[in-house]
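Asker: Here's my sequence, what's the structure:
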Amino acid sequence: MISAAPAIELIDVSFTYPDGRAALRGINLTVASGETLVIVGPNGAGKSTLLMALNGLNRAKGTLRIAGTTVADHNLPEIRRAVGVVFQDPDDQLFMPTVFDDVAFGPLNMGLDEHEIKHAVEDALGLVGLSGFEERLSHHLSFGEKKLVSMASVLAMYPKVLVMDEPTANLDPRAKRNLMSILKELPQTKVISTHDMNAAYALADRVAVIYQAELVAVGPADEILTDEPRLLEYGLELPTNFSATDKRSI
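Answerer: Okay, here's the model as predicted:
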């Protein structure tokens with residue numbers, strides 16, 4: 001039996017900023033299809049740099065493959081269709097007058113016809129619980145609603161991999177629970193960077209710890225996020241929402 005290629009493979013991936021500062025050093029990591037990998041680490045560790053490398057927004061050195069396809073200059077449009085990135089601040093992603101226009105922007109640029117675009121928008125908004133929001137003005141939405149629309153704008157392109165930078169940041173508790181419930185139901189391979197250790201614990205199949213540009217630990221969430229000495233060593237804290245009876249509660 002031939003096994004499917006991993007959703008993501010990183011082999012000796014490094015990235016250095018123009019000022020000479022290393023953001024990533026020799027990252028080796030594999031993410032299985034359908035897996036949720038959560039990346040944690042202190043500010044400046046390299047988490048966001050790694051996320052942006054996954055679809056070529058940062059052109060890192062080393063080998064990076066998406067579903068068996070090596071990321072390279074000649075195939076960046078293909079890679080960016082396969083890997084959808086949702087930024088931390090939805091105002092960096094939403095720029096059209098209405099929700100429909102924002103969510104339709106990607107499918108339109110993919111060359112879909114009018115019927116396909118409408119279907120993609122309806123499908124994506126349904127996935128994030130915003131059916132009927134098509135004619136709403138994006139800049140009049142709450143912050144939590146904007147987060148969901150920015151997710152929908154990526155889901156409308158049917159990516160294989162969903163990449164999210166700090167998805168729960170600045171959300172109130174209800175909006176956070178709602179977003180996390182949606183994320184748990186999505187079938188895509190997910191790579192999520194967060195400082196929210198409770199969200200990490202609730203969402204992750206595996207956790208990767210990045211510290212000073214290096215991958216210093218990777219393993220099951222129940223193993224990594226309950227190891228207090230190791231977390232403290234890397235400037236992190238235990239999640240507060242796990243218990244002996246329900247370790248993955250939201």
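
Asker: what sits against Glu145?
Answerer: The neighbourhood of Glu145, defined by CB atoms under 8 Å, 6 or more residues apart in numbering, consists of Leu130, Phe133. All C-beta spots, glycine's among them, are computed from the backbone N, C-alpha and C.

Asker: before we move on, which element is it in?
Answerer: helix 143-155 (DSSP states H and E).

Asker: With only the CA atoms kept, save the helix or strand just after that helix in PDB.
Answerer: Downstream of helix 143-155, the next assigned helix or strand under DSSP H and E is strand 161-165. The C-alpha coordinates for strand 161-165 follow below in PDB (Å, rounded to 0.1, in the frame of the first residue of the first chain):
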ATOM      1  CA  VAL A 161      -3.800  23.500   4.400                       C
ATOM      2  CA  LEU A 162      -5.100  26.300   6.700                       C
ATOM      3  CA  VAL A 163      -2.500  28.400   8.400                       C
ATOM      4  CA  MET A 164      -3.600  30.800  11.200                       C
ATOM      5  CA  ASP A 165      -1.600  33.300  13.200                       C
END
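
Asker: Residues contacting strand 161-165, please?
Answerer: Outside of strand 161-165, the residues within contact range by CB under 8 Å, 6+ apart are 7-8, 47-48, 51, 54-55, 66, 82-88, 151, 154-155, 183, 186, 188-193.

Asker: again, but for stretch 170-182
Answerer: With CB under 8 Å, 6+ apart, stretch 170-182 has contacts from 127-129, 142-144, 147-148, 151, 167-168, 196, 199, 202-203, 250.

Asker: residues in contact with the closest residue to Tyr17 other than its chain neighbours?
Answerer: The shortest distance from Tyr17 to any non-neighbouring residue, by CB to CB, 6 or more residues apart in numbering, is to Ala23 (5.9 Å). If you count contacts by CB under 8 Å, 6+ apart, Ala23 has them with Phe15, Thr16, Tyr17, Gly46, Thr49, Ala213.

Asker: With secondary structure and distance to Asp222 as added columns, please give these in TSV.
Answerer: Listed next are these as TSV, based on DSSP: H, G, I helix; E, B strand; the rest coil; distance: CB to CB, whole Å:
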residue	secondary structure	distance to Asp222
Phe15	strand	30
Thr16	strand	35
Tyr17	coil	35
Gly46	coil	24
Thr49	helix	27
Ala213	coil	26
